[in-house]
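Peer 1: Based on what follows, work out the 3D shape:
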Amino acid sequence: MSDLWTRWTRAIDDELPAAVALRHTVHADPRASGDEEDTARLVTAAIGAGDGVRVAKTGRAIPLPGAPDGPGIALRAELDALPVTERTGVPWASETDLMHACGHDVHLAALVAVARAAIRVELPRPILALLQPREETSPSGALDVVESGLLAEHRVDTVIGAHVQPRLADGAVSAVPGPVNASTDEFEVVVRGQGGHAGYPHMLRDPILALSQLVVSLQQLAARRIDPVFGAVCSVGRIRGGTAANVVPNTASLAGSLRLMRAEDRVRALEALEQIVHGTAAAHGCTAELRISPCEPVLHNDPALAAAAQRWLVHGGARVDHEFRSFGADDFAHYCGGETRGLMLFVGLGDTAGAPSLHDEVFLPGDDAVTRVAHALVAGYLAATEAESRRPGRRATVAP
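Peer 2: From the prediction side, this is the model:
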């Protein structure tokens, strides 16, 4: 296994110039969620292992040749970009209103380097290169992949992902067991009252006032309803209401998201959300309509995979982070805990990416991030192989 790490990573080194060039091409021509057909075709051709099979409408799943028959490992990268106008100023910047502001271009290039190198080395388990659409929006591309039955058809029992992360120190890689990303639910509230002249507030039922109080009251979800050891995030990202300074409208609305780290807290928080919305509206003489759109579950890293990946990351010279978790969400969560187990690794960028957070108009990881994401995927694959060998009745392998 140590010899495989050496041969595979050296083969990846040979693939990096072409992978970096592909990264620039993908970055310059981003596609929105649900419109990734051209990106999928480009990346599939770069892997050079055939057309694979279409999945989740615009995604592709590509079995790599050369491995023996047996349970497979899927290596996942995301195809879609974000509706962000890029301000990086690099020659290969996007010139549209879309941008790879979440590092998906890096992930795709790394997967291509890993896959092309894998074809040249002898692997103990099959690989499925999974080019997944619609990570950034609903309906979830990952959920569509799971429900399609494709993973079961290819006997995939493990899915590995790696994501760049500027909140981690440059050179660090996180492989934490258990919950590492939050569940997320989006909600919209429409408050209805009685509008009219702003100079006669005693004759009105002001939905703007009710909505303003609601924004504040929703903070009770995190402050008073959920155990602070585990936490919650309830954020309002949009408020709409009114057309003039001297006219109180009949309706006002807001939209936001709710994020939790435990499934049981998610149920409790959604119940509290409903109570707060209707109670606050009623206290101001208004009524409210609440619409909830469930999005992603909590992302749980498999503990055995995380422990094994930590050892392989150390073997490869990475600084392993044992603590990183975030209230960000990723539909990779759908690969964890059902018919497959999952491991999401976070590759630190620190202040090298031009922005302190993802989804920023100047976010731009260096090309060296392609190498580090590729090595993280290899560590995940070897961790899955090692964990499989330790199951009862399996032949043992040598850990690093």
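Peer 1: hey, let's count contacts and neighbours off CA atoms from now on
Peer 2: Fine.
Peer 1: ok, which stretches of the stretch 151-300 of the chain are strands?
Peer 2: Remark: strands assigned in the stretch 151-300 of the chain by DSSP state E, counting those that start in this stretch are 156-165, 172-174, 178-181, 183-192, 196-197, 232-241, 247-248, 251-260, 287-296, 299-301.
Peer 1: Let me have those strands in JSON lines, extended by mean pLDDT, distance to residue 125 and mean neighbour count.
Peer 2: Output for these, formatted as JSON lines (pLDDT from 0 to 100; distance: least, CA to CA, whole Å; neighbours: other CA atoms under 10 Å):
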{"stretch": "strand 156-165", "mean pLDDT": "98", "distance to residue 125": "10", "mean neighbour count": "24"}
{"stretch": "strand 172-174", "mean pLDDT": "98", "distance to residue 125": "24", "mean neighbour count": "26"}
{"stretch": "strand 178-181", "mean pLDDT": "96", "distance to residue 125": "25", "mean neighbour count": "22"}
{"stretch": "strand 183-192", "mean pLDDT": "97", "distance to residue 125": "31", "mean neighbour count": "22"}
{"stretch": "strand 196-197", "mean pLDDT": "97", "distance to residue 125": "69", "mean neighbour count": "14"}
{"stretch": "strand 232-241", "mean pLDDT": "96", "distance to residue 125": "39", "mean neighbour count": "16"}
{"stretch": "strand 247-248", "mean pLDDT": "97", "distance to residue 125": "65", "mean neighbour count": "20"}
{"stretch": "strand 251-260", "mean pLDDT": "97", "distance to residue 125": "35", "mean neighbour count": "22"}
{"stretch": "strand 287-296", "mean pLDDT": "96", "distance to residue 125": "29", "mean neighbour count": "17"}
{"stretch": "strand 299-301", "mean pLDDT": "97", "distance to residue 125": "20", "mean neighbour count": "26"}
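Peer 1: In this structure, which residue is most central in space?
Peer 2: Centroid-nearest residue in the chain, with CA atoms, centre = their mean: residue 330, separated by 2.8 Å.
Peer 1: List the contacts of that residue.
Peer 2: For residue 330, the contacting residues are 135, 181, 296, 299, by CA atoms under 8 Å, 6 or more residues apart in numbering.
Peer 1: Save the strands of the stretch 151-300 of the chain as a markdown table, and put in distance to residue 322 too.
Peer 2: Compiled in a markdown table, these are given as follows (distance: least, CA to CA, whole Å):
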| stretch | distance to residue 322 |
| --- | --- |
| strand 156-165 | 14 |
| strand 172-174 | 6 |
| strand 178-181 | 11 |
| strand 183-192 | 21 |
| strand 196-197 | 57 |
| strand 232-241 | 21 |
| strand 247-248 | 52 |
| strand 251-260 | 20 |
| strand 287-296 | 24 |
| strand 299-301 | 12 |
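Peer 1: Not counting sequence-adjacent ones, nearest residue to residue 150?
Peer 2: Excluding its sequence neighbours, the residue lying closest to residue 150 (CA to CA, 6 or more residues apart in numbering) is residue 55, at 7.7 Å.
Peer 1: isn't that neighbour right next to residue 145, touching?
Peer 2: Yes. Using CA atoms under 8 Å, residue 55 is in contact with residue 145, at 6.3 Å.
Peer 1: shared neighbours of the two, which are they?
Peer 2: residue 132.
Peer 1: Any stretches of the protein with poor pLDDT?
Peer 2: Residues of the chain meeting the criterion pLDDT under 70: 389-400.
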